[in-house]
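A.B. asks: predicted structure and sequence below. I'll ask about it afterward.
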Amino acid sequence: MKRKKFLSQTTLGFAGTLISPHIFKNQVADKSLLSKPDSIIPYAISTWNVPEANSQAGKALEMGINALDAAVRGVAFEEANVKNTTVGKGGAPDRDGNVTLDACVMDHKGNCGAVLAVKNITHVASLAKDVMEKTPHVILAGEGARKFALEQGYTSENLLTKESEKAWGKWLEKGNYKPEINIENHDTIGMLCCDQNGLLSGVCTTSGLAYKMMGRVGDSPIIGSGLYIDNAIGGAVATGLGEEVIKTVGSFLIVELMRQGLTPQESCEEAIARIIEKQKSKPDFQVAYLATNKSGEVGAYSIYKGFTYSQYKNSTNQNITSKSMY
(Lines give C-alpha, C1' and ligand atoms only; values in the text may rest on other atoms or scores of the structure.)
Protein backbone atom coordinates (compact mmCIF):
# COMPACT_ATOMS: atom_id res chain seq x y z
CA MET A 1 0.00 0.00 0.00
CA LYS A 2 2.79 2.43 -0.89
CA ARG A 3 1.45 5.92 -1.29
CA LYS A 4 2.42 8.21 -4.11
CA LYS A 5 4.31 11.33 -3.11
CA PHE A 6 2.41 14.29 -4.44
CA LEU A 7 4.82 16.73 -6.04
CA SER A 8 2.36 19.56 -6.39
CA GLN A 9 1.86 21.44 -3.13
CA THR A 10 -1.15 23.75 -3.31
CA THR A 11 -2.65 26.23 -0.92
CA LEU A 12 -5.90 25.87 0.97
CA GLY A 13 -7.46 28.42 -1.32
CA PHE A 14 -6.55 26.63 -4.54
CA ALA A 15 -7.73 23.29 -3.21
CA GLY A 16 -11.06 24.88 -2.48
CA THR A 17 -11.69 25.04 -6.21
CA LEU A 18 -11.48 21.27 -6.41
CA ILE A 19 -14.11 20.35 -3.88
CA SER A 20 -17.79 20.73 -3.19
CA PRO A 21 -18.97 24.04 -1.72
CA HIS A 22 -20.81 22.00 0.91
CA ILE A 23 -17.48 21.31 2.56
CA PHE A 24 -16.97 24.97 3.44
CA LYS A 25 -20.31 25.69 5.09
CA ASN A 26 -20.46 26.43 8.84
CA GLN A 27 -16.87 25.41 9.44
CA VAL A 28 -15.54 27.99 11.88
CA ALA A 29 -16.27 27.26 15.52
CA ASP A 30 -18.07 29.71 17.80
CA LYS A 31 -15.94 32.89 17.80
CA SER A 32 -16.24 33.12 21.57
CA LEU A 33 -14.42 29.83 21.79
CA LEU A 34 -11.61 30.99 19.52
CA SER A 35 -10.55 33.60 22.05
CA LYS A 36 -9.55 30.95 24.56
CA PRO A 37 -5.88 30.80 25.58
CA ASP A 38 -3.80 28.93 23.05
CA SER A 39 -2.91 26.12 25.46
CA ILE A 40 -4.14 23.40 23.12
CA ILE A 41 -2.09 22.72 20.02
CA PRO A 42 -4.37 21.48 17.23
CA TYR A 43 -3.18 18.55 15.13
CA ALA A 44 -4.22 16.24 12.33
CA ILE A 45 -3.14 12.65 11.70
CA SER A 46 -3.95 10.54 8.66
CA THR A 47 -3.32 7.02 7.47
CA TRP A 48 -0.64 6.84 4.78
CA ASN A 49 1.57 9.47 3.23
CA VAL A 50 -0.99 12.11 2.25
CA PRO A 51 0.92 15.35 2.86
CA GLU A 52 -1.40 17.76 1.08
CA ALA A 53 -4.61 16.37 2.56
CA ASN A 54 -3.15 16.32 6.05
CA SER A 55 -1.62 19.79 5.70
CA GLN A 56 -4.92 21.24 4.55
CA ALA A 57 -6.65 19.79 7.59
CA GLY A 58 -3.90 21.02 9.90
CA LYS A 59 -3.93 24.54 8.47
CA ALA A 60 -7.71 24.64 8.74
CA LEU A 61 -7.43 23.73 12.42
CA GLU A 62 -4.92 26.53 12.96
CA MET A 63 -7.44 28.93 11.35
CA GLY A 64 -9.99 27.98 14.01
CA ILE A 65 -12.08 25.55 11.96
CA ASN A 66 -13.59 22.76 14.03
CA ALA A 67 -12.15 19.26 13.98
CA LEU A 68 -14.81 17.58 11.86
CA ASP A 69 -14.93 20.23 9.14
CA ALA A 70 -11.13 20.31 9.01
CA ALA A 71 -11.01 16.55 8.51
CA VAL A 72 -13.68 16.62 5.80
CA ARG A 73 -11.78 19.41 4.05
CA GLY A 74 -8.53 17.48 4.26
CA VAL A 75 -9.75 14.19 2.82
CA ALA A 76 -11.63 16.05 0.08
CA PHE A 77 -8.29 16.80 -1.55
CA GLU A 78 -7.62 13.10 -2.03
CA GLU A 79 -11.22 12.37 -3.04
CA ALA A 80 -10.68 14.79 -5.94
CA ASN A 81 -7.17 13.53 -6.74
CA VAL A 82 -7.56 11.24 -9.76
CA LYS A 83 -4.02 9.93 -9.23
CA ASN A 84 -5.15 8.28 -6.01
CA THR A 85 -6.73 5.00 -7.10
CA THR A 86 -8.10 4.09 -3.67
CA VAL A 87 -10.23 7.11 -2.75
CA GLY A 88 -12.81 9.22 -4.54
CA LYS A 89 -12.72 10.00 -8.25
CA GLY A 90 -10.26 7.70 -9.99
CA GLY A 91 -10.75 4.95 -7.42
CA ALA A 92 -10.45 1.38 -8.64
CA PRO A 93 -13.79 -0.13 -9.75
CA ASP A 94 -15.45 -3.34 -8.68
CA ARG A 95 -15.09 -6.46 -10.85
CA ASP A 96 -17.96 -5.23 -13.05
CA GLY A 97 -16.32 -1.86 -13.71
CA ASN A 98 -18.38 0.28 -11.30
CA VAL A 99 -16.68 2.74 -8.96
CA THR A 100 -18.52 2.86 -5.64
CA LEU A 101 -17.41 4.92 -2.66
CA ASP A 102 -17.85 4.55 1.10
CA ALA A 103 -17.29 7.04 3.91
CA CYS A 104 -18.19 7.89 7.48
CA VAL A 105 -17.72 10.76 9.92
CA MET A 106 -17.96 11.04 13.69
CA ASP A 107 -17.77 14.15 15.84
CA HIS A 108 -16.86 14.94 19.46
CA LYS A 109 -20.47 14.56 20.61
CA GLY A 110 -20.77 11.02 19.29
CA ASN A 111 -22.85 12.07 16.30
CA CYS A 112 -22.07 10.09 13.17
CA GLY A 113 -23.07 9.59 9.56
CA ALA A 114 -22.13 7.19 6.79
CA VAL A 115 -22.73 6.45 3.12
CA LEU A 116 -22.16 3.08 1.48
CA ALA A 117 -21.71 1.96 -2.14
CA VAL A 118 -22.32 5.41 -3.63
CA LYS A 119 -21.97 5.92 -7.40
CA ASN A 120 -21.13 9.12 -9.28
CA ILE A 121 -20.53 11.32 -6.21
CA THR A 122 -16.92 12.29 -5.49
CA HIS A 123 -17.03 13.88 -2.03
CA VAL A 124 -18.62 11.14 0.04
CA ALA A 125 -17.05 12.27 3.32
CA SER A 126 -18.93 15.55 3.03
CA LEU A 127 -22.03 13.56 2.05
CA ALA A 128 -21.69 11.41 5.18
CA LYS A 129 -21.56 14.60 7.22
CA ASP A 130 -24.74 15.78 5.53
CA VAL A 131 -26.42 12.49 6.42
CA MET A 132 -25.44 13.09 10.03
CA GLU A 133 -26.60 16.70 10.12
CA LYS A 134 -29.58 16.79 7.76
CA THR A 135 -31.35 13.45 8.15
CA PRO A 136 -32.69 11.42 11.10
CA HIS A 137 -30.49 8.50 10.01
CA VAL A 138 -26.90 7.38 10.44
CA ILE A 139 -26.46 5.41 7.19
CA LEU A 140 -27.66 5.86 3.63
CA ALA A 141 -26.66 3.33 0.99
CA GLY A 142 -26.49 2.93 -2.76
CA GLU A 143 -29.10 4.68 -4.86
CA GLY A 144 -30.69 6.27 -1.80
CA ALA A 145 -27.41 7.93 -0.85
CA ARG A 146 -26.86 9.12 -4.41
CA LYS A 147 -30.39 10.56 -4.62
CA PHE A 148 -29.87 12.38 -1.33
CA ALA A 149 -26.59 13.81 -2.64
CA LEU A 150 -28.26 15.19 -5.77
CA GLU A 151 -31.00 16.73 -3.64
CA GLN A 152 -28.29 18.49 -1.63
CA GLY A 153 -26.70 19.94 -4.75
CA TYR A 154 -23.80 17.56 -5.28
CA THR A 155 -22.64 17.10 -8.87
CA SER A 156 -23.04 13.70 -10.53
CA GLU A 157 -19.92 12.69 -12.45
CA ASN A 158 -18.27 9.61 -13.88
CA LEU A 159 -15.74 8.38 -11.31
CA LEU A 160 -14.06 5.83 -13.60
CA THR A 161 -11.01 7.48 -15.16
CA LYS A 162 -9.30 6.19 -18.27
CA GLU A 163 -6.35 5.05 -16.16
CA SER A 164 -8.53 3.09 -13.74
CA GLU A 165 -10.51 1.58 -16.61
CA LYS A 166 -7.28 0.47 -18.27
CA ALA A 167 -6.03 -1.14 -15.04
CA TRP A 168 -9.39 -2.89 -14.60
CA GLY A 169 -9.17 -4.27 -18.13
CA LYS A 170 -5.73 -5.66 -17.36
CA TRP A 171 -7.02 -7.22 -14.15
CA LEU A 172 -9.82 -8.95 -16.07
CA GLU A 173 -7.22 -10.96 -17.98
CA LYS A 174 -6.47 -12.98 -14.84
CA GLY A 175 -9.14 -11.94 -12.38
CA ASN A 176 -7.00 -12.54 -9.29
CA TYR A 177 -9.22 -11.63 -6.34
CA LYS A 178 -6.74 -12.23 -3.55
CA PRO A 179 -5.73 -9.16 -1.48
CA GLU A 180 -2.06 -8.27 -1.73
CA ILE A 181 -0.07 -6.98 1.21
CA ASN A 182 0.84 -3.29 0.95
CA ILE A 183 -0.56 -2.95 -2.55
CA GLU A 184 -2.94 -0.10 -3.26
CA ASN A 185 -5.98 -2.29 -3.81
CA HIS A 186 -7.68 -1.97 -0.45
CA ASP A 187 -6.51 1.32 0.93
CA THR A 188 -8.33 3.92 2.97
CA ILE A 189 -7.75 7.45 4.18
CA GLY A 190 -8.67 7.74 7.82
CA MET A 191 -8.11 11.13 9.45
CA LEU A 192 -8.33 12.21 13.10
CA CYS A 193 -8.29 15.89 14.09
CA CYS A 194 -8.04 17.76 17.36
CA ASP A 195 -9.08 21.40 17.15
CA GLN A 196 -8.19 24.51 19.17
CA ASN A 197 -10.83 23.62 21.76
CA GLY A 198 -9.38 20.15 22.31
CA LEU A 199 -12.31 18.45 20.57
CA LEU A 200 -11.75 15.28 18.54
CA SER A 201 -13.47 14.22 15.31
CA GLY A 202 -12.68 11.83 12.50
CA VAL A 203 -13.37 10.85 8.91
CA CYS A 204 -12.83 7.68 6.90
CA THR A 205 -13.21 7.55 3.09
CA THR A 206 -12.40 4.92 0.46
CA SER A 207 -13.26 3.33 -2.87
CA GLY A 208 -12.84 -0.04 -1.18
CA LEU A 209 -11.16 -3.22 -2.27
CA ALA A 210 -10.18 -3.04 -5.92
CA TYR A 211 -12.21 -5.35 -8.17
CA LYS A 212 -14.48 -6.33 -5.28
CA MET A 213 -17.80 -8.07 -5.79
CA MET A 214 -20.57 -5.64 -6.62
CA GLY A 215 -22.12 -4.42 -3.38
CA ARG A 216 -19.16 -5.30 -1.18
CA VAL A 217 -18.62 -2.87 1.69
CA GLY A 218 -15.63 -3.02 4.01
CA ASP A 219 -14.94 -1.48 7.40
CA SER A 220 -14.37 2.11 6.30
CA PRO A 221 -17.96 3.42 6.58
CA ILE A 222 -18.83 1.25 9.59
CA ILE A 223 -18.78 3.24 12.83
CA GLY A 224 -16.75 1.28 15.39
CA SER A 225 -14.80 -0.62 12.75
CA GLY A 226 -13.19 1.87 10.36
CA LEU A 227 -13.59 4.84 12.72
CA TYR A 228 -14.57 5.57 16.30
CA ILE A 229 -14.42 8.70 18.45
CA ASP A 230 -15.07 9.17 22.16
CA ASN A 231 -14.08 12.71 22.99
CA ALA A 232 -13.49 11.84 26.64
CA ILE A 233 -10.96 9.18 25.66
CA GLY A 234 -9.63 9.42 22.10
CA GLY A 235 -10.17 8.18 18.56
CA ALA A 236 -8.98 5.52 16.14
CA VAL A 237 -9.11 4.71 12.43
CA ALA A 238 -8.29 1.58 10.45
CA THR A 239 -6.93 0.73 7.02
CA GLY A 240 -6.24 -2.53 5.20
CA LEU A 241 -8.47 -5.54 4.64
CA GLY A 242 -11.80 -4.38 6.00
CA GLU A 243 -13.32 -7.81 6.55
CA GLU A 244 -10.73 -8.50 9.25
CA VAL A 245 -11.25 -5.14 10.93
CA ILE A 246 -15.01 -5.66 11.11
CA LYS A 247 -14.60 -9.04 12.84
CA THR A 248 -13.02 -7.39 15.87
CA VAL A 249 -14.71 -3.96 15.63
CA GLY A 250 -11.17 -2.64 15.63
CA SER A 251 -11.48 1.11 16.11
CA PHE A 252 -14.02 0.78 18.92
CA LEU A 253 -11.78 -1.82 20.54
CA ILE A 254 -8.82 0.55 20.52
CA VAL A 255 -10.78 3.36 22.15
CA GLU A 256 -12.07 0.98 24.82
CA LEU A 257 -8.53 -0.22 25.50
CA MET A 258 -7.45 3.40 25.95
CA ARG A 259 -10.38 3.84 28.33
CA GLN A 260 -8.89 1.04 30.41
CA GLY A 261 -5.60 2.92 30.66
CA LEU A 262 -3.55 1.67 27.72
CA THR A 263 -1.66 4.16 25.58
CA PRO A 264 -2.66 4.62 21.92
CA GLN A 265 0.38 2.58 20.89
CA GLU A 266 -0.40 -0.27 23.27
CA SER A 267 -4.03 -0.22 22.18
CA CYS A 268 -3.18 -0.45 18.48
CA GLU A 269 -0.81 -3.33 19.16
CA GLU A 270 -3.44 -5.21 21.15
CA ALA A 271 -6.03 -4.67 18.40
CA ILE A 272 -3.65 -6.19 15.83
CA ALA A 273 -2.95 -9.08 18.21
CA ARG A 274 -6.70 -9.79 18.41
CA ILE A 275 -6.76 -10.22 14.64
CA ILE A 276 -3.64 -12.37 14.55
CA GLU A 277 -4.81 -14.74 17.29
CA LYS A 278 -7.77 -15.75 15.14
CA GLN A 279 -5.56 -16.80 12.23
CA LYS A 280 -4.46 -20.40 11.80
CA SER A 281 -1.20 -19.31 10.21
CA LYS A 282 0.73 -16.18 9.31
CA PRO A 283 -1.83 -13.89 7.64
CA ASP A 284 -1.65 -13.04 3.96
CA PHE A 285 -3.29 -9.64 4.40
CA GLN A 286 -2.48 -6.26 5.90
CA VAL A 287 -4.34 -4.28 8.58
CA ALA A 288 -3.11 -1.10 10.23
CA TYR A 289 -4.46 1.16 12.96
CA LEU A 290 -3.86 4.78 13.89
CA ALA A 291 -5.05 6.27 17.18
CA THR A 292 -4.78 9.28 19.46
CA ASN A 293 -5.90 10.03 23.01
CA LYS A 294 -7.02 13.21 24.77
CA SER A 295 -3.46 13.89 25.88
CA GLY A 296 -2.36 14.16 22.25
CA GLU A 297 -0.39 10.93 22.26
CA VAL A 298 -0.41 9.04 18.96
CA GLY A 299 -0.02 5.33 18.29
CA ALA A 300 0.17 3.27 15.11
CA TYR A 301 0.68 -0.41 14.40
CA SER A 302 0.28 -2.80 11.48
CA ILE A 303 0.55 -6.50 10.77
CA TYR A 304 3.31 -6.06 8.19
CA LYS A 305 5.83 -3.28 7.71
CA GLY A 306 5.11 -0.64 5.12
CA PHE A 307 2.39 1.35 6.87
CA THR A 308 3.04 5.04 7.44
CA TYR A 309 0.96 7.93 8.70
CA SER A 310 0.98 11.71 8.28
CA GLN A 311 1.03 14.08 11.23
CA TYR A 312 0.54 17.85 11.17
CA LYS A 313 1.34 19.79 14.33
CA ASN A 314 2.96 23.14 15.09
CA SER A 315 2.73 24.04 11.37
CA THR A 316 4.89 21.05 10.51
CA ASN A 317 3.78 18.05 8.49
CA GLN A 318 5.71 14.78 8.59
CA ASN A 319 5.33 11.20 7.46
CA ILE A 320 6.05 8.64 10.16
CA THR A 321 6.73 4.93 9.72
CA SER A 322 4.59 2.69 11.91
CA LYS A 323 5.84 -0.22 13.95
CA SER A 324 4.63 -3.62 12.80
CA MET A 325 4.23 -7.18 14.03
CA TYR A 326 6.13 -8.68 11.08
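C.D. replies: Received it, and whenever you're ready, just let me know what you need.
A.B. asks: how many residues are close by residue 111?
C.D. replies: Residue crowding around residue 111 was assessed by other C-beta atoms under 10 Å; the count is 15. All C-beta atoms are positioned from the backbone trio N, CA, C, and that covers glycine.
A.B. asks: next one: residue 233
C.D. replies: 19.
A.B. asks: equivalent analysis for the one 4 residues further on, please.
C.D. replies: By the criterion of other C-beta under 10 Å, residue 237 has 34 neighbours.
A.B. asks: who are the contact partners of it?
C.D. replies: With contact set as C-beta atoms under 8 Å, 6 or more residues apart in numbering, residue 237 has these partners: 47, 188, 190-192, 202, 204, 226-227, 251, 289-291.
A.B. asks: from the residues you listed, which is closest to residue 277?
C.D. replies: residue 289 (15.5 Å; C-beta to C-beta).
A.B. asks: okay, and the closest one sits in which element?
C.D. replies: Here residue 289 sits within strand 287-293, counting by DSSP states H and E.
A.B. asks: quick one on the thing from earlier: among the contacts of residue 237, which are in strands?
C.D. replies: Members of those lying in strands (criterion: DSSP state E): 47, 190, 191, 192, 202, 204, 227, 289, 290, 291.
A.B. asks: re earlier: determine which two of the contacts of residue 237 are furthest apart.
C.D. replies: The largest separation in those, counting by C-beta to C-beta, is between 188 and 291 at 14.7 Å.
A.B. asks: still on that earlier bit, the strand holding residue 289 - contacts with which helices or strands?
C.D. replies: Strand 287-293 sits against strand 43-47, strand 189-194, strand 234-240, helix 250-259, helix 264-276, strand 298-302, with contacts defined as 3 or more C-beta pairs under 8 Å, 6 or more residues apart in numbering; DSSP states H and E.
A.B. asks: list the pairing partners of that strand within its sheet, with orientation.
C.D. replies: Here strand 287-293 has these sheet partners by DSSP bridges: strand 234-240 (antiparallel), strand 298-302 (antiparallel).
A.B. asks: who's in contact with the helix or strand following the first one?
C.D. replies: Toward the C-terminus, strand 234-240 is succeeded by helix 242-248 as the next helix or strand (DSSP H and E). Applying C-beta under 8 Å, 6+ apart, the external contacts of helix 242-248 come out as 186, 188, 208-209, 217-220, 222, 225-226, 238, 251, 271, 274-275, 278, 283, 285, 287.
A.B. asks: please enumerate the helices of this structure.
C.D. replies: Using DSSP state H, the helices of the chain run over 12-15, 31-34, 51-62, 67-79, 124-134, 142-151, 162-172, 242-248, 250-259, 264-276.
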